[in-house]
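Undergrad: Mind looking at a prediction? Sequence and model below.
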Amino acid sequence: MDILALDLGTSSVRGLVLDADAVPRPGALARRRVHLVTGDDGTGTLDGPAYLACLVECLDELAAGGHLRDVDLVATSAQWHSVLPLAADGTPSGPVLTWLDTRPEPLAGAVGPADPADFHRRTGTWWHRCYWSVRLPWLREHGARNARFTGLAEYVLGALLGEVPMSMSMASGTGLLDLRRLDWDPEACELAGVRPEELLRLAPDGWHGRLNAEYARRWPGLAGARWAPPVGDGAAASVGSGCVDPTRAAVTVGTSAAVRMMQAVPAGAEPPPLPEQLWRYRVDHNHVVTGAAYSSGGNLFAWANRELRLPEGAALEEALRRTAGSVRANPRLGGDRPPGTAPAGSGELRGLSFGTTAVDVLAGLMQGLCRLVADDLALLEGGVGEPMAVVLGGGALTASPWWRAAFADVLAPREVRWQRNPEIGASGAALVALGRLPEAAHIGGIGRTDETASHA
């Protein structure tokens, strides 16, 4: 049995085939870059139909290569927090607002939760621009007055399968889900201006979908495959990093970055106390993930590589090793993720001199992110009462041994290791779909931060 894993990211869409143990099969990967529209006003949007077309192209490529013949299960890792307005006929009536969009704000005169602390405890979130409680009223005020709303994952999967429910994981990322009851939170829905029955139905435990007739004919190898509910990308990355209990924290750096800890919390059980500065979402019906996220990650390097005259490859790594660390940077170029409210354009550089180089600036930005992670990891540890081991992962850390070493230095004296598998989200989503999440604690590929991917 093979597993098709879909990764619905912010900068790209990927499809890859894994074996029954969630290990990627060589050569069975298709990727398409997607165009993220950004602006100085905080815009961060995607085109829904174009995004769907990229996913279809990936599946066409895998089918043409003969990679879909033995697929029995489809697992999906998808970006949290996205929202897409739909017209009455179900077609998009505007772009997809991604997590990166910082424009939404509470409408004039709007009043937030009656008890913000209890709202945070129930939903794991805040009345914040990242969540549907603020986003839906803002979208209506900006032209989506009569729209229905869905998430990006539900839109693209709905096109392939027919109408799909929203998984508990993706629902928790909207900020409208009661994490204990596993149902839409009435107060959060009121803030969003929707009735629970107007939202997507929630996927029951054990739900699976099937391709609709049109796409089953297009990809006969997937005609009988079961499609599991999507998992939020952060939760999937934590599982793929082997961080599935409070002894390990996952630090993931892809386009953005996050530090997260997972705990077993079955439906109906009261989740553990939640520090006021951290969010909490669902992985599935039986687990939660708690942590902090940042709008900056690999996009720091992408910006520096585009705007500064950086060396390339090994020359850049050598130059980073020679930096004096004189530049101090606030890496919040894209603004804050919740609960922070700083807008896009909040990045800062200090300590510049006539001797400062482009590599010094890059190093300052990368080390600035390391310090943000260290502060929030301390909050996570305060909740569990003891230090945690750390597993680094994600494409940006795969690409930079220097950045892995910088994290290890800032997070010392903790044990810091690295997950060499670059497809942690795909592998994690597959393990959740297989119902084998606890086995991820023993996942392969974790080694020293100075090891290369070829040693996996």
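TA: Arrived safely. Remember, predicted model here, so these are calculated numbers, not experimental data.
Undergrad: what bridges to the spatially closest residue to A28 that is not a sequence neighbour?
TA: Spatial nearest neighbour of A28, chain neighbours left out: V17 (3.7 Å); criterion: C-beta to C-beta, 6 or more residues apart in numbering. From N, CA and C alone the C-beta is placed, and that goes for glycine too. When bridges are called by DSSP bridges, V17 pairs up with L4.
Undergrad: From G65, how far out is V17?
TA: Distance, V17 to G65, by C-beta to C-beta, to the nearest Å: 9 Å.
Undergrad: which one of those two has more residues nearby?
TA: The residue with more neighbours, out of V17 and G65, is V17; 23 against 13, by other C-beta atoms under 10 Å.
Undergrad: what sits against that one?
TA: Contact analysis of V17 by C-beta atoms under 8 Å, 6 or more residues apart in numbering lists 2-5, 24-25, 28-29, 62, 67-68, 71.
Undergrad: State the phi and psi torsions of L274.
TA: The phi and psi torsions at L274 (degrees, to the nearest 10) take the values phi -120, psi 120.
Undergrad: what helix or strand does the nearest residue to G345 once chain neighbours are set aside sit in?
TA: Nearest in space to G345, with sequence neighbours left out and distances taken as C-beta to C-beta, 6+ apart, is D40 at 6.4 Å. Per DSSP states H and E: D40 is located in neither a helix nor a strand.
Undergrad: Please produce CSV containing the contacts of V17, extended by secondary structure.
TA: Shown next, in CSV, are those (DSSP: H, G, I helix; E, B strand; the rest coil):
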residue, secondary structure
D2, strand
I3, strand
L4, strand
A5, strand
P24, strand
R25, strand
A28, strand
L29, strand
L62, helix
H67, coil
L68, coil
V71, strand
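Undergrad: Filter those residues down to the buried ones, ChimeraX style.
TA: The buried subset of the contacts of V17, as determined by 16 or more other C-beta atoms under 10 Å, is captured in ChimeraX by this line:
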select :2,3,4,5,24,28,29,62,67,68,71
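Undergrad: Low-confidence stretches in this structure?
TA: Within the chain, the ranges that satisfy pLDDT under 70 run 453-456.
Undergrad: Does S238 lie in a helix or a strand, and which?
TA: Taking DSSP H and E as the criterion, S238 maps to helix 233-240.
Undergrad: now do E317
TA: Per DSSP H and E: helix 313-322 holds E317.
Undergrad: Give the pairing partners of the following helix or strand past that helix; include direction for each.
TA: Sequence order places strand 328-330 as the next helix or strand after helix 313-322, per DSSP H and E. Next to strand 328-330 in the sheet, as set by DSSP bridges, lie strand 348-350 (antiparallel).
Undergrad: just checking, P230 touches W80?
TA: No - with contacts defined as C-beta atoms under 8 Å, P230 does not count as touching W80, sitting 9.9 Å away.
Undergrad: who touches both of these two?
TA: Applying C-beta under 8 Å, 6+ apart, one finds that P230 and W80 are jointly contacted by M170.
Undergrad: Compare the two (neighbour count), which wins?
TA: The neighbour count for P230 versus W80, taken as other C-beta under 10 Å, is higher for P230 (31 against 26).
Undergrad: Pull up the gap between that one and W127, please.
TA: P230 sits at a distance of 25 Å from W127 (criterion: C-beta to C-beta).
Undergrad: thinking again about what came up before, can you redo the contacts of V17 as TSV, where the extra columns are distance to E318?
TA: Converted to TSV, these look like this (distance: C-beta to C-beta, whole Å):
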residue	distance to E318
D2	41
I3	39
L4	40
A5	35
P24	30
R25	35
A28	34
L29	30
L62	38
H67	38
L68	43
V71	43
